[in-house]
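A.B. asks: With the input below, show me the fold.
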Amino acid sequence: MSAEEKSMSIIVTKGSLDWAYHLNLQLTAAGNPAMKMPMMGAHMGLPNLLTAVPGVDAACTKMMKNLMSKKGVAPIEELRELAIEAEVRLIACQMTMDLFEYSLEDMIEGPELGGAATYIEVATQSDINLFI
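C.D. replies: Numbers count the residues shown, from 1 in each chain. Sure, this is the predicted structure:
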């Protein structure tokens with residue numbers, strides 16, 4: 001990297017992006033209950049009780065994907081392809097993988113494993129660090 005090039009690290013600890021390693025993305029109404037979605041001409045939230053009803057997660061996933069398409073937001077698959085083309089380094093958290101009993105074979109091709117030391121090494125060499 002030349003002196004003029006800037007680098008950035010982003011650590012994603014919550015939300016759907018950290019599950020982009022699987023690409024079988026699903027949303028849940030419990031994911032962000034405070035966020036009101038545009039529905040029927042208003043902004044409405046789903047009561048937490050509805051998160052226990054079978055099929056609500058599938059409906060939320062479909063609704064979000066439809067909203068993203070309608071608003072011209074690129075799907076995660078397209079964003080991932082752009083990241084690969086830009087040579088973005090994807091690092092899956094080793095501790096989280098161990099905790100939830102995942103292996104690299106469970107992931108899409110591309111991520112490497114790393115831990116806190118890997119993040120610190122990357123972050124200390126980056127010009128910008130985002131913690132999401």
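
A.B. asks: Below-threshold pLDDT in this protein: ranges please.
C.D. replies: Flagging of the chain using pLDDT under 70 yields the residue ranges 1-3, 14-21, 23-35, 37, 46, 48-49.

A.B. asks: Could I get the full set of strands for it?
C.D. replies: 8-11, 37-39, 42-44, 91-93, 112-114, 128-131 (DSSP state E).

A.B. asks: what pairs with the third one, and is each one parallel or antiparallel?
C.D. replies: To tie it back to what came earlier, the one meant is strand 42-44. Using DSSP bridges, the strands paired with strand 42-44 are strand 37-39 (antiparallel).

A.B. asks: What of the fifth one?
C.D. replies: According to DSSP bridges, strand 112-114 forms sheet pairs with strand 91-93 (parallel).

A.B. asks: Can you give me the end-to-end span of stretch 117-132?
C.D. replies: 18 Å (CA to CA, to the nearest Å).

A.B. asks: got the contact list for the closest residue to residue 126 other than its chain neighbours?
C.D. replies: Distance criterion CB to CB, 6 or more residues apart in numbering; nearest residue to residue 126, sequence neighbours excluded, is residue 9 at 4.2 Å. For the C-beta atoms, the positions are set from N, CA and C on the backbone; glycine is no exception. Residues counted as contacts of residue 9 (CB atoms under 8 Å, 6 or more residues apart in numbering) are 119, 122-123, 126, 128-130.
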